[in-house]
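Asker: Predicted model and sequence below, questions to follow.
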Amino acid sequence: MNGLSAKDSITVLAIESSCDETACAVVRDGRTVLSNVIATQIEIHRRFGGVVPEIASRNHTLAIENVVKEAMERANVTKDDIDAIAVTYGAGLLGALLVGVNFAKGLAYAWGKPLFAVSHVKGHIAANYIDSDLEPPYLCLLASGGHTAIVKVEDYERITLLASSRDDAAGEAFDKVARVLGLPYPGGPEIQKKAREGKVAFDMPIPKSSGLDDLYFSYSGLKTYVINLVHRLEQRGEELPAGDIAASFQNAAISQLIDGLRVAMKSTGIRKIAIAGGVSANEELRRRADGLSEDGAEVRYPKLIYCTDNAAMIGAEAYFMIRSGAQESGLSLDAKATVPLA
Ligand code: KG4
Ligand code: ZN
């Protein structure tokens, strides 16, 4: 239990620094965002073609104080209005996580507030509660740079893993394929843009599952297919049909996720679906997910700003943890590079 259970309303200040976004948000009762500040380092890492962990940590250190101050100002709150501090403790880049964790610990100690350690992945799922009335039980498709999975959210804090990726994550595949096509980091939005210029001209591999027992995701075969295709075309001296390759890859990558959702819906009988993680920003995924309504699905996804990394989702998850009686984490809290999904 924690000391907040008697409170009618809970306002959380949340911090997120697991990858290349330094973020802070003030969130009321898990669903109302009072402020959401994100300092992104995308431009800094772009020239390296991906996130450089050491550079990410240093830039978090430079940004975090101002990001937190700005979140407090924009929410128009003082420390007296804050009931709890929440921070992403994992999964992510260890050095990057440590910046947020240590700043949050300092704040909790100085202000005398309880501290709650939040899983980044659970945060992505909880992004679906913001500005919405979504309640468990539902199925959640999680597709980010580090994870691809379908989970059953039985209750706010009771989550069962139904399927996950055997190799690369969906977002990781978008990033790698973008690189092969000469598109900048992060690859997801770039592939989406390029795909609009082309058509599905290549028949790319899509793993098939017949039921929940053999339901899994795999992106390594698809990635290798694109690498081999590009090499072959380059060797022949042909111009790369980048639009067609992007459209065909996006189609195969998204088909796998939608097929997986169909299997999970059929096997569990659950029709309420939420989509989370950076790839949930993808327009083709949203279009195809909307199409699941023909199978009787009720589909939710977060607003675009809450799909990719942000602290509002961490504040939302912290609220439901607190209401479910989660223990405060002490000042000995440590960052973790990996955290179990469910
Ligand atoms: O959730 P997120 O911001 O960070 C992780 O927790 O990994 O996800 C980042 C991933 C990247 O791989 C990025 O390319 C992908 O999400 N992504 C997209 C789109 N926007 C971001 N993938 C496909 N289409 C998009 N529009
Ligand atoms: Zn993320």
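Answerer: Perfect, thanks for sending it. Ligands and ions are numbered 1, 2, ... in the order given.

Asker: alpha carbons only for contacts and neighbour counts from here, please
Answerer: Noted.

Asker: burial of Ser210, as a residue count?
Answerer: Residues near Ser210, counting by other Cα atoms under 10 Å, number 10.

Asker: Between the two ends of stretch 36-44, what distance do you get?
Answerer: Length of stretch 36-44, first residue to last, Cα to Cα, to the nearest Å: 21 Å.

Asker: Regarding Glu73, what is its secondary structure?
Answerer: helix (DSSP: H, G, I helix; E, B strand; the rest coil).

Asker: Could you say which helix or strand holds Tyr89?
Answerer: Following DSSP states H and E, one finds Tyr89 within strand 84-90.

Asker: Spell out which parts of the stretch 101-250 of the chain neighbour ligand 1.
Answerer: Residues of the stretch 101-250 of the chain lying close to ligand 1 by Cα under 6 Å from any ligand atom are Ser144, Gly145, Gly146, Gly171, Glu172, Phe174, Asp175, Pro186, Gly187, Gly188, Pro189, Gln192.

Asker: Name the residues of the helix or strand bottoming out on mean pLDDT in the chain that are buried.
Answerer: Ranked by mean pLDDT, DSSP states H and E, the weakest helix or strand in the chain is helix 42-46, scoring a mean of 90. Judged by neighbour count using 16 or more other Cα atoms under 10 Å, the buried positions of helix 42-46 are Ile42, Ile44, His45.

Asker: ok, so of those residues, who is nearest Ser164?
Answerer: Comparing the buried residues of helix 42-46 against Ser164 with Cα to Cα places Ile42 closest, at 27.2 Å.

Asker: Contact partners for the spatially most central residue of the chain?
Answerer: Residue closest to the average C-alpha location in the chain (Cα atoms, centre = their mean): Gly277, at 2.7 Å. In this structure, Gly277 makes contact with Val121, His124, Ile125, Leu142, Ala143, Ser144, Gly145, Cys307, Thr308, Asp309, judged by Cα atoms under 8 Å, 6 or more residues apart in numbering.

Asker: now Ala71
Answerer: Ala71 sits next to Cys24, Ala25, Val26, Ser35, Asn36, Val37 when contact means Cα under 8 Å, 6+ apart.

Asker: do the same with Ala201
Answerer: The contact partners of Ala201, by Cα under 8 Å, 6+ apart, come to Asp244, Ile245, Ala247, Ser248.

Asker: Would you report the backbone torsion angles of it?
Answerer: Note on Ala201: its backbone torsions stand at phi -110, psi -20 [degrees, to the nearest 10].

Asker: That one and Ser220: what is the separation?
Answerer: Separation of Ala201 from Ser220 (Cα to Cα): 20 Å.
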